[in-house]
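Build me a structure from this.
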Amino acid sequence: MVNPNTDTNATPFDPVADAMAKAKAAAAKLAQDKKKKQDEESTKPVARAYNGADLAVTFKPPTYILRPIIPRGRLILLVGDSNAGKTPFLYQLIGNLLKQKDFLKYFKNETEEPLRIGMIDAESTSEDIGWRKQRQGSEWPESFPVERFVWTDRETTPVLKLDINDNVKKIQKFVEDNRLDLVILDNLHALSAGANIAKPEVASKIITGLNAILHLPWKPSLLFVHHPRKKPGGEKYKTSILDPDFMSWLQELSGTMVWINRTDVRLGIARIEKNGNEYTVLRGMHRVPGSEQQFGPIYLSIDDDHDVAKISNSPDVLDNLSKKIREIAEQMKKAQRFTRADSIKQPIRCFASKKTVGRAIKLLKAHGFLNETSSGEYRWQDLQDDDDAAVSSTAAFDSAFPDEHEMIIKDERELYSSRK
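Numbers count the residues shown, from 1 in each chain. Predicted coordinates for the structure are as follows:
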């Protein structure tokens, strides 16, 4: 009797052929898995020993958008309290970069081609952004191609789901679609979708996601703003931005060391009151090779409308410099004219290191006390305070320093007299 469900035309079962087919499929799967693993491994950082030839060929020195605060392909952290003026500071920075000019006439613009900049602003309305740009006037170019600056405001940011907790990949796509050279996130709390970013595990997850953006082929830079929460009961912070240990201030305001340890540049901005005067202080430190590890504190004056910052040239700034810097500055004032080689001799050096002298020169130049000529000679400058009242350098130092520090020696006087 024939089974009606049996196909009489079916090929007879061949156990040998079946075994060979299964072996072939297994070999193909093994090869596929091996290739997948190789592809995954090729994208991971590989720990290896480099020899001298590797160092010469493989690596290039860091490049900068704005030296030393915005190196290319790096994470930059900006920490500051709610009244520090971080957001207008950032929009002024963007305007200066679009104009391809130095920022605050201090931070050097090293871009060769026009930048594409993105701002993900989770707190400002579109009207606020437009108004701020208008108020900053000459800090921005009169016109520029629309693709050079793209931004979102507090209405569009959540619609686009550009948060840093679960949607970092959407931020990466935003960077890729607009091929941004610099993207600014303002700020971590507003973009965290309610996550507690003071917890190390949360901060680590966010940093890991943001790091992926840095590895895009054109190596964009990413600057994000950290706005610390106010302490309960109006409790004040224990540290100050002017403390010798700047890292302690950063740590207290950041909430966790993850934000500091896993970023390349750390900037701080704060408003302080000292001797009855109010200042906005900018300070920074970073780990990128080939540039100074710390800079500042730089004292900024902000206009009454809280829109435009500039480095203060008020004589009062001298009162706030560190004791060693003040001593060096006093001798430079008395010398009036000197070269860099002269600056590391006594008495100008005041038993400070060459590094400290160099830092003093940079700070005093930034605040307008020193002018460098094309021949490399430094000259002490008469100053104008922020109300445009002329103030002589002698008057500035008479109020800032007592006469008991008289340290100029005879041969130094003769040296400078011979140059006049």
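
quick one, strands of the stretch 1-150 of the chain?
Here the stretch 1-150 of the chain has its strands, by DSSP state E, counting those that start in this stretch, at 64-67, 70-71, 75-80, 108-109, 117-121, 149-152.

okay, and for the stretch 151-300 of the chain, where does confidence drop off?
229-234 (pLDDT under 70).

What average pLDDT does stretch 121-138 get?
For stretch 121-138, mean pLDDT is 91.

three-state assignment of the closest residue to residue 280 other than its chain neighbours?
Distance criterion C-beta to C-beta, 6 or more residues apart in numbering; nearest residue to residue 280, sequence neighbours excluded, is residue 300 at 4.3 Å. Yep, even glycine has a C-beta here, placed from its N, CA and C like the rest. Three-state call for residue 300 (DSSP: H, G, I helix; E, B strand; the rest coil): strand.

and the strands of the stretch 1-150 of the chain as CSV, adding mean neighbour count?
CSV is the format used below for those (neighbours: other C-beta atoms under 10 Å):
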stretch, mean neighbour count
strand 64-67, 22
strand 70-71, 24
strand 75-80, 25
strand 108-109, 16
strand 117-121, 24
strand 149-152, 19
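
As TSV, these with distance to residue 217 would be great.
What follows is these, written out as TSV (distance: least, C-beta to C-beta, whole Å):
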stretch	distance to residue 217
strand 64-67	17
strand 70-71	17
strand 75-80	18
strand 108-109	23
strand 117-121	17
strand 149-152	19
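
so residue 378 sits in a helix?
No - membership of residue 378 in a helix is not supported by three-state DSSP, which gives strand.

Now for residue 118: which residues touch it?
Residues in contact with residue 118 (C-beta atoms under 8 Å, 6 or more residues apart in numbering) are 149-151, 174-175, 178, 180, 182-184.

Identify those among the residues you listed that sit within helices.
174-175, 178 (DSSP state H).

And the helix or strand harbouring residue 361, what does it pack against?
Element membership of residue 361, judged by DSSP states H and E, is helix 354-366. If contacts are counted by 3 or more C-beta pairs under 8 Å, 6 or more residues apart in numbering; DSSP states H and E, helix 354-366 sits against strand 294-302, helix 323-335, helix 340-343, strand 370-372.

With mean neighbour count and distance to residue 235 added, can I get the ones you listed in TSV?
Output for the helices and strands packed on helix 354-366, formatted as TSV (neighbours: other C-beta atoms under 10 Å; distance: least, C-beta to C-beta, whole Å):
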stretch	mean neighbour count	distance to residue 235
strand 294-302	20	24
helix 323-335	20	30
helix 340-343	15	44
strand 370-372	16	41
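
can I get the ones you listed in a markdown table with distance to residue 128?
Listed next are the helices and strands packed on helix 354-366 as a markdown table, based on distance: least, C-beta to C-beta, whole Å:
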| stretch | distance to residue 128 |
| --- | --- |
| strand 294-302 | 17 |
| helix 323-335 | 38 |
| helix 340-343 | 45 |
| strand 370-372 | 38 |
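
what about residue 60, neighbour count?
6 (other C-beta atoms under 10 Å).

Distance of it relative to residue 302?
As judged by C-beta to C-beta, to the nearest Å, residue 60 and residue 302 stand 38 Å apart.

With residue 379 as the reference, measure out to the nearest residue in space to residue 325 that is not next to it in sequence.
Counting by C-beta to C-beta, 6+ apart, residue 325 lies nearest to residue 360, which is 4.8 Å off, once chain neighbours are set aside. Per C-beta to C-beta, residue 360 is found 15 Å from residue 379.
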